[in-house]
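**Q** A predicted structure for the sequence below; I have some questions about it.
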Amino acid sequence: MAAAYKLDKVFLTQEEIERRADEIGKEISRDYAGKEVTLIGILTGSVMWMAQVMKSIEVDTSIDFLSVSSYGAGTKSSGVVKIYKDLNRSATGKHVIIVEDIVDSGVTLDYLLNYLSGQNPASIKVCSMLDKPTGRRMKLEADYVGFEVPGVFLVGYGLDVDQRFRNLPYIASVAVE
Ligand code: PRP
């Protein structure tokens, strides 16, 4: 029988997330002063975070999306990354910032860094809303991290469990019934 998930505790409020997104947007603006950045949102979980961060970026910005998935239904990474939708424009010569909702095992990010490096961008950095270092299987870190979180399953602000709860404007833990 399919597991039933129920919201447990609010983990990060909308105000906390959006204050941090604003700080990171301003940091990116300082780091890339005089340059143009290309944000590459990793669908699907990054959409809300990317929309929030980009509002505070003051340098020229273009956006693109890659759709990948390493998690099937459920809460554990399968370790296999698949591309469902490629970039609309090549990353060659661009200052690329990969935008993620969470870095957990790092398997997805490792794949993405290799994939995008192959297109010879001018530079490549990573901005992730959440970082879960306890889950890490790859030795890598995001350059801009919203919040470091413990090893609990979180939903909301783009994060899902079985495609549910992405629309919550805050982040909560879930309980399995
Ligand atoms: C999630 C998340 C990251 C990845 C992180 O994506 O958005 O891309 O897993 O996990 P990892 O560090 O263990 O690789 P998911 O495959 O669930 O797709 P989604 O964004 O559509 O929810």
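**A** On my side now, so go ahead.

**Q** Show me which strand runs longest in this structure.
**A** Criterion DSSP state E: the longest strand present in the chain is strand 60-71.

**Q** low pLDDT regions in the chain?
**A** The chain contains residues with pLDDT under 70 at 1-2, 71-79.

**Q** Strands of that one, residue ranges please.
**A** Under DSSP E, the chain gives strands at 5-12, 36-43, 60-71, 77-85, 95-103, 123-131, 144-148, 154-155, 171-176.

**Q** Next, the buried residues of the second one.
**A** What that stands for is strand 36-43. Within strand 36-43, the residues that count as buried by 16 or more other CB atoms under 10 Å are 37-43. For glycine as for every other residue, the C-beta is placed from the backbone atoms N, C-alpha and C.

**Q** The ligand: which of those is nearest?
**A** Using CB to the nearest ligand atom, Ile42 is the member of the buried residues of strand 36-43 that lies nearest the ligand, at 5.1 Å.

**Q** so who does the nearest residue to that closest one once chain neighbours are set aside touch?
**A** Spatial nearest neighbour of Ile42, chain neighbours left out: Glu100 (5.2 Å); criterion: CB to CB, 6 or more residues apart in numbering. Residues in contact with Glu100, defined by CB atoms under 8 Å, 6 or more residues apart in numbering, are 42, 45-46, 108-109, 126-129, 142.

**Q** Likewise for Tyr157?
**A** 12, 14, 17, 48-49, 101, 129, 168-171.

**Q** Type out the PyMOL command that picks the buried ones from the residues you listed.
**A** With 16+ other CB under 10 Å as the criterion, this PyMOL line picks the buried residues out of those:
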select buried, resi 12+14+17+48+49+101+129+168+170+171
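
**Q** The contacts of Tyr157 also near the ligand: which ones?
**A** Of the residues in these, proximity to the ligand by CB under 6 Å from any ligand atom holds for Asp101.

**Q** wait, which of the contacts of Tyr157 is closest to the ligand?
**A** Asp101 (4.6 Å).

**Q** Would you tell me which residues of the protein are close to the ligand?
**A** Residues of the chain lying close to the ligand by CB under 6 Å from any ligand atom are 42, 44-45, 69-71, 77, 100-109, 160.

**Q** could you redo the last one with a cut-off of 5 Å?
**A** Those residues of the chain that sit near the ligand, judged by CB under 5 Å from any ligand atom, are 44-45, 69-71, 77, 101-108.

**Q** Chain neighbours aside, what residue packs nearest to Val80?
**A** Ser70 (6.4 Å).

**Q** and the lengthiest helix in the chain, which residues are buried?
**A** Of all segments of type helix in the chain, defined using DSSP state H, the longest is helix 14-31. The neighbour-count check on helix 14-31 (16+ other CB under 10 Å) flags 14, 17-18, 20-21, 24-25, 27-28, 31 as buried.

**Q** Thank you kindly, that will do.
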